[in-house]
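Participant: Prediction below, plus the sequence it came from.
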Amino acid sequence: RVLARPEVAALPVYNAGLSEDEVRQKYNASHISKLGSNENPYGPSPAALKQWENLTRQLFRYPDATASTLRHALAQATGTPADHIMLGNGSEQIIRLICEAYLSPGDRVVTVLPSFGLHVIWPEMMGARVDAVPITAEGQFDLPAMKRAVQAAPLKILMFSNPSNPVGCMMNATDMLELVACCPQDTLIVIDEAYYEYALGSPDYPDATKILPRQARPWLVLRTFSKAYALAGLRIGYALASDTSVIGTLNKVRDPFNTNMAAQDMALACLHDRTHMHDSVATTVAERARFMNELTRQGYAPVPSHTNFIFLDVGQNASALAERLLRHGVIIKPWREKGFETCLRVSVGLPADNDRFLRALSIETGQTD
Ligand code: PMP
(Lines give C-alpha, C1' and ligand atoms only; values in the text may rest on other atoms or scores of the structure.)
Protein backbone atom coordinates (compact mmCIF):
# COMPACT_ATOMS: atom_id res chain seq x y z
CA ARG A 1 0.00 0.00 0.00
CA VAL A 2 1.33 3.42 -0.88
CA LEU A 3 0.58 6.07 1.72
CA ALA A 4 -0.81 9.45 0.67
CA ARG A 5 0.58 12.61 2.29
CA PRO A 6 -1.08 12.91 5.75
CA GLU A 7 -2.76 16.17 4.66
CA VAL A 8 -4.36 14.36 1.73
CA ALA A 9 -5.34 11.27 3.74
CA ALA A 10 -7.22 13.53 6.19
CA LEU A 11 -9.11 15.50 3.51
CA PRO A 12 -12.87 15.24 3.16
CA VAL A 13 -14.11 14.57 -0.37
CA TYR A 14 -15.81 17.56 -2.03
CA ASN A 15 -19.51 16.85 -2.43
CA ALA A 16 -20.23 17.70 -6.05
CA GLY A 17 -23.69 16.08 -5.88
CA LEU A 18 -25.28 13.44 -8.09
CA SER A 19 -25.68 13.85 -11.84
CA GLU A 20 -29.08 13.71 -13.52
CA ASP A 21 -28.22 10.27 -14.97
CA GLU A 22 -27.29 8.90 -11.56
CA VAL A 23 -30.56 10.11 -10.01
CA ARG A 24 -32.58 8.83 -12.99
CA GLN A 25 -31.05 5.35 -12.66
CA LYS A 26 -30.97 5.09 -8.87
CA TYR A 27 -34.44 6.50 -8.17
CA ASN A 28 -36.15 5.60 -11.43
CA ALA A 29 -37.29 9.23 -11.74
CA SER A 30 -38.65 10.36 -15.10
CA HIS A 31 -38.16 14.11 -14.65
CA ILE A 32 -35.19 15.54 -12.80
CA SER A 33 -35.16 19.02 -11.24
CA LYS A 34 -31.43 19.69 -10.83
CA LEU A 35 -31.29 22.46 -8.24
CA GLY A 36 -28.07 21.53 -6.45
CA SER A 37 -25.34 23.25 -8.43
CA ASN A 38 -26.44 26.85 -9.06
CA GLU A 39 -26.46 26.46 -12.85
CA ASN A 40 -28.23 28.85 -15.22
CA PRO A 41 -31.03 26.86 -16.92
CA TYR A 42 -31.56 29.57 -19.57
CA GLY A 43 -28.32 28.45 -21.24
CA PRO A 44 -25.56 30.41 -22.96
CA SER A 45 -26.01 33.09 -25.62
CA PRO A 46 -27.52 31.63 -28.83
CA ALA A 47 -25.11 33.85 -30.78
CA ALA A 48 -22.21 32.18 -28.93
CA LEU A 49 -23.53 28.68 -29.68
CA LYS A 50 -22.98 29.33 -33.41
CA GLN A 51 -19.27 29.33 -32.58
CA TRP A 52 -19.28 25.51 -32.33
CA GLU A 53 -19.22 25.14 -36.12
CA ASN A 54 -15.99 27.13 -36.41
CA LEU A 55 -14.45 25.11 -33.62
CA THR A 56 -14.57 21.77 -35.42
CA ARG A 57 -12.10 23.09 -38.01
CA GLN A 58 -9.50 23.97 -35.38
CA LEU A 59 -9.69 20.98 -33.07
CA PHE A 60 -6.32 19.53 -34.14
CA ARG A 61 -4.55 22.61 -32.75
CA TYR A 62 -3.52 23.20 -29.16
CA PRO A 63 -5.46 26.00 -27.51
CA ASP A 64 -3.84 29.41 -26.91
CA ALA A 65 -1.77 28.65 -23.79
CA THR A 66 -2.28 32.12 -22.30
CA ALA A 67 -5.81 32.69 -23.67
CA SER A 68 -4.59 36.04 -24.94
CA THR A 69 -7.62 37.02 -27.06
CA LEU A 70 -9.96 36.22 -24.19
CA ARG A 71 -7.74 38.04 -21.68
CA HIS A 72 -7.81 41.16 -23.80
CA ALA A 73 -11.60 40.96 -24.14
CA LEU A 74 -11.85 40.53 -20.35
CA ALA A 75 -9.55 43.51 -19.88
CA GLN A 76 -11.97 45.60 -21.95
CA ALA A 77 -14.97 44.27 -20.04
CA THR A 78 -13.52 44.59 -16.52
CA GLY A 79 -11.07 47.49 -16.69
CA THR A 80 -8.31 45.22 -15.32
CA PRO A 81 -5.18 45.12 -17.54
CA ALA A 82 -4.78 41.93 -19.64
CA ASP A 83 -1.47 41.08 -17.94
CA HIS A 84 -3.25 41.08 -14.54
CA ILE A 85 -5.62 38.32 -15.72
CA MET A 86 -5.34 34.52 -15.74
CA LEU A 87 -7.81 31.92 -16.99
CA GLY A 88 -8.53 28.65 -15.21
CA ASN A 89 -10.27 25.35 -15.85
CA GLY A 90 -13.16 26.68 -13.79
CA SER A 91 -12.46 29.04 -10.92
CA GLU A 92 -12.17 25.87 -8.81
CA GLN A 93 -8.81 25.27 -10.45
CA ILE A 94 -7.70 28.83 -9.73
CA ILE A 95 -8.48 28.36 -6.01
CA ARG A 96 -6.28 25.26 -6.11
CA LEU A 97 -3.46 27.06 -7.95
CA ILE A 98 -3.53 29.88 -5.38
CA CYS A 99 -3.16 27.34 -2.58
CA GLU A 100 -0.40 25.42 -4.34
CA ALA A 101 1.53 28.59 -5.08
CA TYR A 102 1.21 30.38 -1.74
CA LEU A 103 0.47 27.95 1.10
CA SER A 104 3.07 26.02 3.11
CA PRO A 105 2.25 23.62 5.96
CA GLY A 106 1.20 25.57 9.05
CA ASP A 107 0.19 28.74 7.19
CA ARG A 108 -3.11 30.24 8.28
CA VAL A 109 -6.15 30.95 6.10
CA VAL A 110 -9.29 32.79 7.23
CA THR A 111 -12.63 32.14 5.56
CA VAL A 112 -16.28 31.99 6.66
CA LEU A 113 -18.61 29.22 7.85
CA PRO A 114 -20.58 27.84 6.12
CA SER A 115 -18.05 28.05 3.33
CA PHE A 116 -17.62 27.07 -0.28
CA GLY A 117 -16.05 23.62 0.21
CA LEU A 118 -12.90 24.21 -1.83
CA HIS A 119 -12.01 27.35 0.17
CA VAL A 120 -11.28 24.87 2.97
CA ILE A 121 -10.29 21.65 1.17
CA TRP A 122 -7.51 23.06 -1.06
CA PRO A 123 -5.80 24.99 1.79
CA GLU A 124 -5.96 21.87 3.99
CA MET A 125 -4.45 19.82 1.17
CA MET A 126 -1.41 22.07 1.43
CA GLY A 127 -1.21 21.59 5.21
CA ALA A 128 -2.56 25.05 6.00
CA ARG A 129 -4.80 25.75 9.00
CA VAL A 130 -8.20 27.19 8.15
CA ASP A 131 -10.09 29.43 10.58
CA ALA A 132 -13.70 29.66 9.39
CA VAL A 133 -15.69 32.46 11.02
CA PRO A 134 -19.39 31.58 11.43
CA ILE A 135 -21.98 33.86 9.85
CA THR A 136 -24.44 35.51 12.25
CA ALA A 137 -27.79 33.99 13.25
CA GLU A 138 -29.39 36.28 10.64
CA GLY A 139 -27.20 34.78 7.90
CA GLN A 140 -24.90 37.80 7.49
CA PHE A 141 -21.10 38.15 7.53
CA ASP A 142 -19.94 38.70 11.13
CA LEU A 143 -17.62 41.67 10.52
CA PRO A 144 -16.34 42.10 14.13
CA ALA A 145 -15.55 38.37 14.39
CA MET A 146 -13.87 38.36 10.97
CA LYS A 147 -11.76 41.38 11.97
CA ARG A 148 -10.67 39.60 15.15
CA ALA A 149 -9.81 36.45 13.18
CA VAL A 150 -7.62 38.21 10.62
CA GLN A 151 -5.70 39.98 13.41
CA ALA A 152 -5.32 36.96 15.70
CA ALA A 153 -2.07 35.53 14.26
CA PRO A 154 0.02 35.65 11.08
CA LEU A 155 -2.33 35.33 8.12
CA LYS A 156 -1.34 34.15 4.65
CA ILE A 157 -4.69 34.25 2.86
CA LEU A 158 -8.10 35.80 3.53
CA MET A 159 -10.52 34.06 1.14
CA PHE A 160 -14.29 34.12 0.95
CA SER A 161 -17.00 34.47 -1.65
CA ASN A 162 -18.94 37.70 -2.05
CA PRO A 163 -21.84 37.24 -2.39
CA SER A 164 -21.46 34.17 -0.24
CA ASN A 165 -21.96 30.63 -1.43
CA PRO A 166 -23.90 28.96 0.21
CA VAL A 167 -25.65 31.69 2.22
CA GLY A 168 -26.28 34.27 -0.51
CA CYS A 169 -25.48 37.29 1.72
CA MET A 170 -23.07 40.04 0.68
CA MET A 171 -20.48 42.37 2.20
CA ASN A 172 -20.60 46.06 1.25
CA ALA A 173 -17.60 48.19 0.25
CA THR A 174 -17.13 49.91 3.63
CA ASP A 175 -17.06 46.61 5.51
CA MET A 176 -14.75 44.99 3.00
CA LEU A 177 -12.26 47.85 3.19
CA GLU A 178 -12.39 47.82 6.99
CA LEU A 179 -11.78 44.08 7.06
CA VAL A 180 -8.93 44.23 4.57
CA ALA A 181 -7.32 47.11 6.50
CA CYS A 182 -7.12 44.79 9.55
CA CYS A 183 -5.13 42.16 7.62
CA PRO A 184 -1.33 42.11 7.81
CA GLN A 185 0.34 43.80 4.81
CA ASP A 186 1.64 40.47 3.48
CA THR A 187 -1.76 38.72 3.45
CA LEU A 188 -3.14 37.75 0.05
CA ILE A 189 -6.78 38.86 -0.22
CA VAL A 190 -8.92 36.53 -2.36
CA ILE A 191 -12.49 37.59 -3.08
CA ASP A 192 -14.40 34.91 -4.97
CA GLU A 193 -17.07 36.66 -7.06
CA ALA A 194 -18.56 33.57 -8.73
CA TYR A 195 -22.03 35.17 -8.45
CA TYR A 196 -20.93 38.72 -9.34
CA GLU A 197 -23.37 39.14 -12.26
CA TYR A 198 -26.35 38.15 -10.07
CA ALA A 199 -25.36 40.61 -7.33
CA LEU A 200 -24.70 43.59 -9.59
CA GLY A 201 -28.31 44.73 -9.32
CA SER A 202 -28.21 44.75 -5.49
CA PRO A 203 -27.71 48.21 -4.00
CA ASP A 204 -24.31 48.46 -2.24
CA TYR A 205 -22.80 45.39 -3.92
CA PRO A 206 -19.11 46.24 -4.37
CA ASP A 207 -17.06 45.19 -7.38
CA ALA A 208 -13.95 44.19 -5.42
CA THR A 209 -11.66 45.06 -8.36
CA LYS A 210 -12.74 48.68 -7.92
CA ILE A 211 -12.29 48.98 -4.16
CA LEU A 212 -9.31 46.73 -3.33
CA PRO A 213 -6.82 48.93 -5.25
CA ARG A 214 -7.50 51.69 -2.66
CA GLN A 215 -5.14 49.81 -0.35
CA ALA A 216 -1.72 48.91 -1.72
CA ARG A 217 -1.61 45.18 -1.11
CA PRO A 218 -1.82 41.96 -3.12
CA TRP A 219 -5.30 40.75 -4.07
CA LEU A 220 -7.14 38.41 -6.42
CA VAL A 221 -10.77 38.53 -7.52
CA LEU A 222 -12.19 35.31 -8.99
CA ARG A 223 -15.03 35.17 -11.50
CA THR A 224 -16.49 32.46 -13.68
CA PHE A 225 -18.35 31.75 -16.90
CA SER A 226 -20.14 28.85 -15.15
CA LYS A 227 -22.99 30.78 -13.56
CA ALA A 228 -24.59 33.80 -15.27
CA TYR A 229 -22.91 32.97 -18.61
CA ALA A 230 -24.22 29.39 -18.36
CA LEU A 231 -21.02 27.66 -19.49
CA ALA A 232 -20.55 25.38 -16.45
CA GLY A 233 -19.98 22.35 -18.69
CA LEU A 234 -16.99 23.91 -20.44
CA ARG A 235 -15.06 24.75 -17.25
CA ILE A 236 -13.72 28.27 -17.54
CA GLY A 237 -13.16 30.92 -14.89
CA TYR A 238 -10.72 33.78 -14.41
CA ALA A 239 -8.65 35.65 -11.88
CA LEU A 240 -8.21 39.43 -11.86
CA ALA A 241 -5.13 40.43 -9.87
CA SER A 242 -3.61 43.47 -8.18
CA ASP A 243 -0.37 43.13 -10.16
CA THR A 244 1.69 41.08 -12.61
CA SER A 245 3.73 39.46 -9.85
CA VAL A 246 0.70 37.59 -8.43
CA ILE A 247 -0.32 36.47 -11.94
CA GLY A 248 3.30 35.48 -12.71
CA THR A 249 3.37 33.29 -9.59
CA LEU A 250 0.08 31.58 -10.50
CA ASN A 251 1.25 31.04 -14.07
CA LYS A 252 4.24 29.07 -12.75
CA VAL A 253 1.96 26.43 -11.20
CA ARG A 254 -0.65 26.42 -13.96
CA ASP A 255 -0.80 23.54 -16.47
CA PRO A 256 0.32 25.11 -19.75
CA PHE A 257 -2.95 24.38 -21.60
CA ASN A 258 -5.31 24.53 -18.64
CA THR A 259 -8.29 25.96 -20.55
CA ASN A 260 -9.40 24.24 -23.73
CA MET A 261 -10.15 25.79 -27.10
CA ALA A 262 -13.93 25.32 -26.91
CA ALA A 263 -14.06 26.99 -23.51
CA GLN A 264 -11.96 29.97 -24.63
CA ASP A 265 -13.94 30.47 -27.85
CA MET A 266 -17.35 30.17 -26.21
CA ALA A 267 -16.39 32.46 -23.33
CA LEU A 268 -15.22 35.07 -25.83
CA ALA A 269 -18.44 34.78 -27.86
CA CYS A 270 -20.52 35.08 -24.66
CA LEU A 271 -18.62 38.21 -23.66
CA HIS A 272 -19.58 39.70 -27.02
CA ASP A 273 -23.29 39.04 -26.38
CA ARG A 274 -23.88 40.11 -22.80
CA THR A 275 -27.51 41.05 -23.46
CA HIS A 276 -28.53 37.39 -23.30
CA MET A 277 -26.69 36.96 -19.99
CA HIS A 278 -28.24 40.10 -18.48
CA ASP A 279 -31.73 38.94 -19.58
CA SER A 280 -31.34 35.54 -17.96
CA VAL A 281 -30.02 37.14 -14.76
CA ALA A 282 -33.07 39.46 -14.65
CA THR A 283 -35.42 36.50 -15.19
CA THR A 284 -33.70 34.53 -12.41
CA VAL A 285 -33.78 37.46 -9.98
CA ALA A 286 -37.55 37.90 -10.59
CA GLU A 287 -38.14 34.16 -10.16
CA ARG A 288 -36.04 34.23 -6.98
CA ALA A 289 -38.49 36.74 -5.45
CA ARG A 290 -41.44 34.47 -6.27
CA PHE A 291 -39.56 31.41 -4.94
CA MET A 292 -38.69 33.24 -1.68
CA ASN A 293 -42.34 34.29 -1.23
CA GLU A 294 -43.53 30.70 -1.65
CA LEU A 295 -40.99 29.49 0.90
CA THR A 296 -42.06 32.20 3.32
CA ARG A 297 -45.70 31.15 2.80
CA GLN A 298 -44.68 27.59 3.72
CA GLY A 299 -43.34 28.99 7.01
CA TYR A 300 -39.60 29.13 6.22
CA ALA A 301 -37.31 32.10 6.75
CA PRO A 302 -34.92 31.95 3.77
CA VAL A 303 -31.87 34.23 3.93
CA PRO A 304 -32.25 37.21 1.53
CA SER A 305 -30.15 36.24 -1.49
CA HIS A 306 -27.94 38.22 -3.88
CA THR A 307 -27.29 35.12 -6.01
CA ASN A 308 -29.09 32.46 -8.08
CA PHE A 309 -29.75 30.24 -5.06
CA ILE A 310 -31.53 30.29 -1.71
CA PHE A 311 -30.25 29.07 1.67
CA LEU A 312 -32.76 27.97 4.24
CA ASP A 313 -33.03 26.22 7.56
CA VAL A 314 -35.50 23.35 7.29
CA GLY A 315 -35.46 22.55 11.01
CA GLN A 316 -34.51 18.91 10.47
CA ASN A 317 -31.50 16.98 9.20
CA ALA A 318 -31.03 18.41 5.71
CA SER A 319 -28.98 15.46 4.38
CA ALA A 320 -31.78 13.01 5.23
CA LEU A 321 -34.34 15.36 3.66
CA ALA A 322 -32.18 15.73 0.52
CA GLU A 323 -32.12 11.95 0.18
CA ARG A 324 -35.94 11.85 0.34
CA LEU A 325 -36.25 14.70 -2.19
CA LEU A 326 -34.19 12.63 -4.64
CA ARG A 327 -37.08 10.16 -4.81
CA HIS A 328 -39.12 13.03 -6.29
CA GLY A 329 -36.36 13.64 -8.84
CA VAL A 330 -35.30 16.83 -7.01
CA ILE A 331 -31.58 17.47 -6.47
CA ILE A 332 -30.59 20.11 -3.89
CA LYS A 333 -27.51 20.53 -1.69
CA PRO A 334 -27.74 19.84 2.04
CA TRP A 335 -25.15 21.41 4.33
CA ARG A 336 -22.99 19.15 6.48
CA GLU A 337 -20.75 21.62 8.32
CA LYS A 338 -21.18 21.64 12.10
CA GLY A 339 -24.00 23.91 13.20
CA PHE A 340 -25.59 24.03 9.73
CA GLU A 341 -26.81 20.42 9.39
CA THR A 342 -30.44 21.61 9.18
CA CYS A 343 -29.72 23.97 6.28
CA LEU A 344 -29.99 23.39 2.56
CA ARG A 345 -29.18 25.35 -0.57
CA VAL A 346 -31.52 25.27 -3.53
CA SER A 347 -30.75 26.84 -6.92
CA VAL A 348 -33.27 29.15 -8.54
CA GLY A 349 -34.09 27.06 -11.60
CA LEU A 350 -36.90 27.19 -14.13
CA PRO A 351 -40.28 27.96 -12.48
CA ALA A 352 -41.56 24.41 -13.07
CA ASP A 353 -38.50 22.91 -11.36
CA ASN A 354 -38.74 25.30 -8.43
CA ASP A 355 -42.41 24.34 -8.07
CA ARG A 356 -41.50 20.66 -8.14
CA PHE A 357 -39.07 21.32 -5.27
CA LEU A 358 -41.69 23.28 -3.31
CA ARG A 359 -44.23 20.46 -3.70
CA ALA A 360 -41.73 17.74 -2.76
CA LEU A 361 -40.58 19.80 0.23
CA SER A 362 -44.10 20.23 1.59
CA ILE A 363 -44.81 16.50 1.14
CA GLU A 364 -41.55 15.41 2.76
CA THR A 365 -41.85 17.79 5.70
CA GLY A 366 -45.37 16.56 6.41
CA GLN A 367 -47.16 19.76 5.43
CA THR A 368 -49.10 17.93 2.70
CA ASP A 369 -49.89 14.27 2.41
N1 PMP B 1 -16.47 29.68 -6.18
C2 PMP B 1 -17.71 29.64 -5.71
C3 PMP B 1 -18.08 30.52 -4.57
C4 PMP B 1 -18.66 28.78 -6.30
O5 PMP B 1 -19.90 28.73 -5.82
C6 PMP B 1 -18.26 27.96 -7.37
C7 PMP B 1 -19.21 27.00 -8.05
N8 PMP B 1 -20.09 26.35 -7.27
C9 PMP B 1 -16.95 28.04 -7.80
C10 PMP B 1 -16.07 28.91 -7.19
C11 PMP B 1 -16.42 27.19 -8.91
O12 PMP B 1 -16.89 27.61 -10.12
P13 PMP B 1 -16.31 27.08 -11.48
O14 PMP B 1 -17.42 26.39 -12.16
O15 PMP B 1 -15.83 28.30 -12.20
O16 PMP B 1 -15.17 26.16 -11.16
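Facilitator: Yep, that arrived. Numbers count the residues shown, from 1 in each chain.

Participant: How about residue 65: what's its closest non-neighbour residue?
Facilitator: Spatial nearest neighbour of residue 65, excluding adjacent residues (CB to CB, 6 or more residues apart in numbering): residue 256 at 5.1 Å. (Each C-beta comes from the backbone N, C-alpha and C, glycine too.)

Participant: hmm, I was thinking of residue 138
Facilitator: The shortest distance from residue 138 to any non-neighbouring residue, by CB to CB, 6+ apart, is to residue 303 (7.8 Å).

Participant: number of nearby residues for residue 181?
Facilitator: When counting by other CB atoms under 10 Å, one arrives at 12 neighbours for residue 181.

Participant: Surely it is in contact with residue 214?
Facilitator: No: Residue 181 is beyond contact range of residue 214, at 9.6 Å (criterion: CB atoms under 8 Å).

Participant: Let me see the ranges of the strands in this structure.
Facilitator: Taking DSSP state E, the strands of the chain run over residues 33-34, 85-88, 108-113, 129-134, 157-161, 188-192, 219-224, 237-241, 309-313, 330-331, 333-334, 343-347.

Participant: do the fifth one and the ligand meet at all?
Facilitator: In this case it means strand 157-161. Yes: with CB under 6 Å from any ligand atom as the criterion, the ligand is reached by strand 157-161 at residue 161.

Participant: what sits up against that strand?
Facilitator: Contacts of strand 157-161 with the rest of the structure, by CB atoms under 8 Å, 6 or more residues apart in numbering, involve 95, 98-99, 102-103, 107, 109-112, 115-116, 119, 123, 128, 141, 150, 179-180, 183, 187-195.

Participant: From these, list the ones also adjacent to the ligand.
Facilitator: Among the contacts of strand 157-161, the residues lying close to the ligand (CB under 6 Å from any ligand atom) are 116, 192, 194.

Participant: which among these gets closest to residue 342?
Facilitator: Using CB to CB, residue 116 is the member of these that lies nearest residue 342, at 19.3 Å.

Participant: Can you name the residues of the stretch 101-250 of the chain sitting close to the ligand?
Facilitator: Counting by CB under 6 Å from any ligand atom, the stretch 101-250 of the chain sits next to the ligand at 116, 161, 165, 192, 194, 224, 226, 232, 237.

Participant: CSV for these, including pLDDT?
Facilitator: CSV is the format used below for those (pLDDT from 0 to 100):
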residue, pLDDT
116, 96
161, 98
165, 98
192, 98
194, 98
224, 98
226, 98
232, 98
237, 98
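
Participant: Only the buried members of those residues: can you turn that into a ChimeraX selection?
Facilitator: Paste this into ChimeraX to select the buried members of these, with burial taken from 16 or more other CB atoms under 10 Å:
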select :116,161,165,192,194,224,226,232,237
